[in-house]
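Peer 1: this one's structure only:
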């Protein structure tokens, strides 16, 4: 069970036709309550700029996520062996 409830506004961007084919999702999370200890939790009325992106081609897949300036995640793995990152 995720510690989140409410509406999740987002902007999805899909970049195709270049060397850097990528899927990106950005959100300010307004409308989504996150039930986690401080400083990670937030009320639904609060905003926290967040983003997720992933590469869509090449021999390696790259994933990147950020939750305001509180947390950041980066992961890279071979495209055919995602668990070996």
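Peer 2: Okay, I see it. Note that this is a predicted model, so its numbers are computed, not measured.
Peer 1: partner residues bridging the most centrally placed residue in the chain?
Peer 2: The centroid of the chain falls nearest to residue 52 when counting by Cα atoms, centre = their mean (2.4 Å). Under DSSP bridges, the beta-bridge partners of residue 52 are residue 25, residue 65.
Peer 1: for it, give me its contacts.
Peer 2: Residues near residue 52 by Cβ atoms under 8 Å, 6 or more residues apart in numbering: 24, 25, 63, 64, 65. C-betas here are computed from N, CA, C, even on glycine.
Peer 1: and for the last one, the neighbour number?
Peer 2: Spelled out, it's residue 65. Residue 65 has 15 neighbours, counted by other Cβ atoms under 10 Å.
Peer 1: wait, doesn't it sit right on residue 72?
Peer 2: Yes - counting by Cβ atoms under 8 Å, residue 72 is a contact partner of residue 65 at 7.1 Å.
Peer 1: quick check: neighbours shared by those two?
Peer 2: Counting by Cβ under 8 Å, 6+ apart, nothing touches both residue 65 and residue 72.
Peer 1: residue contacts, the residue lying closest to residue 4 once chain neighbours are set aside?
Peer 2: Of all residues not flanking residue 4 in the chain, residue 34 sits nearest, at 5.0 Å (Cβ to Cβ, 6 or more residues apart in numbering). Contact partners of residue 34, counting by Cβ under 8 Å, 6+ apart, are 3, 4, 40, 41, 42.
Peer 1: in the chain, which spans are strands?
Peer 2: Under the criterion DSSP state E, the chain contains strands at 4-6, 11-15, 22-27, 32-34, 50-55, 60-67, 71-78.
Peer 1: among the contacts of residue 52, name the buried ones.
Peer 2: 25, 63, 64 (16 or more other Cβ atoms under 10 Å).
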